[in-house]
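> Need a 3D model of the sequence below.
(4 chains)
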2 protein chains.
Amino acid sequence: MTDSTSHVVVAVALRVHEGRVEATLNRAARAPGEPLEYALARAVRIDGFAHVEQLETRVLRDGALATAYLALARAPVEGAPPSTPEEQELVAAAQARLRAKLSYTNVGFALAPEAFAISELRDLYVAALGHDVSPTNLQRVLLRRGVIERVAGTRAPGRTGGRPAALFRFAADRLEVTDEFAALRPPGPRASG
Amino acid sequence: MTDSTSHVVVAVALRVHEGRVEATLNRAARAPGEPLEYALARAVRIDGFAHVEQLETRVLRDGALATAYLALARAPVEGAPPSTPEEQELVAAAQARLRAKLSYTNVGFALAPEAFAISELRDLYVAALGHDVSPTNLQRVLLRRGVIERVAGTRAPGRTGGRPAALFRFAADRLEVTDEFAALRPPGPRASG
DNA sequence: CCAAAAGTGTTGAATGTACACCCATGG
DNA sequence: CCATGGGTGTACATTCAACACTTTTGG
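Reported below is the predicted structural model:
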């Protein structure tokens, strides 16, 4: 027998830039017995991403086994844009995952800069979610949940004037579930933690 | 080189029985180029499960690549109980996935019988979630969401008396997201669908 | 009748949306 | 002093938890 099953790790990097979600693909073959993360690290500079998680494993058309990872970046990522339908499916899966998690986790931290104005965060959410988001409510929801917090300083207004924007940052720099689904939560006094 | 990367598909079957979540493991090697589902079908009688979804791919201690699937059953499943720590981790991941999805999807359908009383469904939820669940509210929430619906007939009371229980069934027999997270939903008039 | 089990009504808390209004800045 | 962008206050809808109360049965 030849090489029984070639295994490739595919990094699907997403980044929001100028109101668009940019997708970049990188891949690396995995050596026998090698941990998946090693191959992933060969595919992309892994510490350039604030969050990485496994997406899905499937057999590609050419018969090769592929394990896809979602990687979220704040800065541009080198690599190829998706070309084949298969790659576009992976990107779609990555975007769907991101969209879902934006609603009930703090993943935003992996896409946003250190400090940001609410309007900037809003633009990011709009791009990733694909629908409009009210800055007013975005601020209130994320503040109430403790996902973001105020930080000193303000963003100076542009030439057209306007009130200076307050700056915020994400409270955590690791993925956390922030909305313990109201549905079917345990009974009793509010979870004491 | 020998067989470069042996790939095994592991089916983690979960079933709720007498207030307990029972986990059963089955595995099958995947042949080169073979779709994952084929190997899965060799591991378990796949049509015995109302719901199956991929969990995670990882390299096992022995260097073999493993892709785990979560399979939900209504009837007993043949196979081995988890023994190694690795297997117990997989089972834990499966249970975590089930727990999460019980809250915002209709996965319950894959564990419950055709028709059931609310108290029976409650027992199932209690076992899977690991915390108490109020039958009163369970009924109201699932009815309101359209996840379950009334069905003709009642369950006769036992020897100790009591009002006969109304019977229900799950409205769908495929996985559906039932709670489009209240958080950050699109603006405008209530989604017209 | 009384205990047991099931189901309904009602209240209150939490969380989000919508929208009016106030604030700070540039020209 | 006004347009512009930013922030706050408030009213309202939705959803769920809690719990009292009613209904239906067996003995």
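
> So A:Val40 versus DNA strand C, what's the distance?
Val isn't right for residue A:40; it's Leu. Spatial separation of A:Leu40 from DNA strand C under the definition Cβ to the nearest atom of the strand, to the nearest Å is 33 Å. (Each C-beta comes from the backbone N, C-alpha and C, glycine too.)

> wait, that residue sits on A:Asp47?
No - in terms of Cβ atoms under 8 Å, A:Leu40 does not count as a neighbour of A:Asp47; the distance is 11.6 Å.

> more neighbours, the two?
More neighbours sit around A:Leu40 than around the other of A:Leu40 and A:Asp47, counting by other Cβ atoms under 10 Å in any protein chain shown; the figures are 23 against 8.

> So the more buried one: helix, strand or coil?
Per DSSP: H, G, I helix; E, B strand; the rest coil, the secondary structure class of A:Leu40 is helix.

> show me the contacts for it.
Residues in contact with A:Leu40, defined by Cβ atoms under 8 Å, 6 or more residues apart in numbering or on different chains, are A:Val9, A:Ala11, A:Ala28, A:Ile46, A:Val52, A:Tyr69.

> One more: A:Phe116?
Taking Cβ under 8 Å, 6+ apart as the contact definition, A:Phe116 lies against A:Leu167, A:Phe168, A:Arg169.

> So in terms of bridging, what pairs with the most centrally placed residue in chain A?
With the centre of chain A defined as its mean C-alpha position, the nearest residue by Cα atoms, centre = their mean is A:Leu72, 4.1 Å away. Under DSSP bridges, the beta-bridge partners of A:Leu72 are A:Leu14, A:His51.

> mind checking how far it is from A:Arg174?
A:Leu72 is 12 Å from A:Arg174, where distance means Cβ to Cβ, to the nearest Å.

> Common neighbours of those two, please.
Taking Cβ under 8 Å, 6+ apart as the contact rule, the neighbours common to A:Leu72 and A:Arg174 are A:His51.

> Do you have the helices of chain A handy? List them.
Using DSSP state H, the helices assigned to chain A run over residues A:36-43, A:85-104, A:118-129, A:135-144.

> Mind checking the pLDDT average for stretch A:103-120?
Predicted confidence along stretch A:103-120 averages 96 (mean pLDDT).

> That stretch: end-to-end distance?
Using Cα to Cα, to the nearest Å, the end-to-end distance of stretch A:103-120 comes to 17 Å.

> Pull out the buried positions in it.
When neighbours are counted by 16 or more other Cβ atoms under 10 Å in any protein chain shown, the buried residues of stretch A:103-120 are found to be A:103-112, A:116-118, A:120.

> any weak-confidence spans in chain A?
Within chain A, the stretches with pLDDT under 70 are A:1-5, A:179-193.

> go again using 50 as the cut-off
Across chain A, the ranges flagged by pLDDT under 50 are A:1-3, A:182-183, A:189-193.

> Quick one: name the residues of it near DNA strand C.
Along chain A, the residues adjacent to DNA strand C under the rule Cβ under 7 Å from any atom of the strand are A:134, A:136-137, A:140-141, A:144-145, A:154, A:156-157, A:159-164, A:179, A:182, A:190.

> What separation is there between A:Tyr125 and chain B?
Plainly put, A:Tyr125 is 7 Å away from chain B if you go by Cβ to the nearest Cβ, to the nearest Å.

> wait, what's in contact with that residue?
A:Leu102, A:Gly108, A:Val133, A:Leu138, B:Leu184.

> Just give the nearest non-adjacent residue to the first one, would you?
Meaning A:Leu102. For A:Leu102, ignoring the flanking residues on the chain, the nearest one in space by Cβ to Cβ, 6 or more residues apart in numbering or on different chains is A:Ala128 at 5.8 Å.

> Quick check: that neighbour touching A:Arg99?
Yes - using Cβ under 8 Å as the test, A:Ala128 is close enough to A:Arg99 to be in contact (6.3 Å).

> Settle it for me: which of those two has more neighbours?
When A:Ala128 and A:Arg99 are compared for neighbours, A:Ala128 comes out ahead with 20 against 17, by other Cβ under 10 Å.

> How far away from the center of its chain is stretch A:148-164?
Distance of stretch A:148-164 from its chain centroid, counting by Cα atoms, centre = their mean, to the nearest Å, is 25 Å.

> For it, measure first residue to last.
Using Cα to Cα, the span of stretch A:148-164 from its first residue to its last is 19 Å.

> near chain B, anything from that stretch?
No - counting by Cβ under 8 Å from any Cβ of the partner chain, chain B has no neighbours in stretch A:148-164; the shortest distance is 13.4 Å.

> go on, stretch A:60-68?
Yes - with Cβ under 8 Å from any Cβ as the criterion, chain B is reached by stretch A:60-68 at A:Gly63, A:Leu65, A:Thr67.

> looking at the residues you listed, which has the most residues close by?
Ranking those using other Cβ under 10 Å puts A:Leu65 first, with 25 neighbours.

> quick one: contacts for that one?
The contact partners of A:Leu65, taken as Cβ under 8 Å, 6+ apart, are A:Thr5, A:Ser6, A:His7, A:Val8, A:Thr57, A:Arg58, A:Val59, B:His7, B:Leu65.

> cool, A:Val12 as well?
Contacts for A:Val12 were tallied using Cβ under 8 Å, 6+ apart; they are A:Ala23, A:Thr24, A:Leu25, A:Leu55, A:Ala68, A:Tyr69, A:Leu70, A:Ala71, A:Leu90, A:Val91, A:Ala93, A:Ala94.

> Rebuild those as TSV, extending it with distance to B:Pro76 and neighbour count.
Rendered in TSV, the data for the contacts of A:Val12 read as follows (distance: Cβ to Cβ, whole Å; neighbours: other Cβ atoms under 10 Å in any protein chain shown):
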residue	distance to B:Pro76	neighbour count
A:Ala23	44	21
A:Thr24	47	20
A:Leu25	44	22
A:Leu55	33	20
A:Ala68	35	23
A:Tyr69	36	25
A:Leu70	37	26
A:Ala71	41	26
A:Leu90	37	24
A:Val91	41	20
A:Ala93	34	16
A:Ala94	38	26
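
> With that, I have no additional questions.
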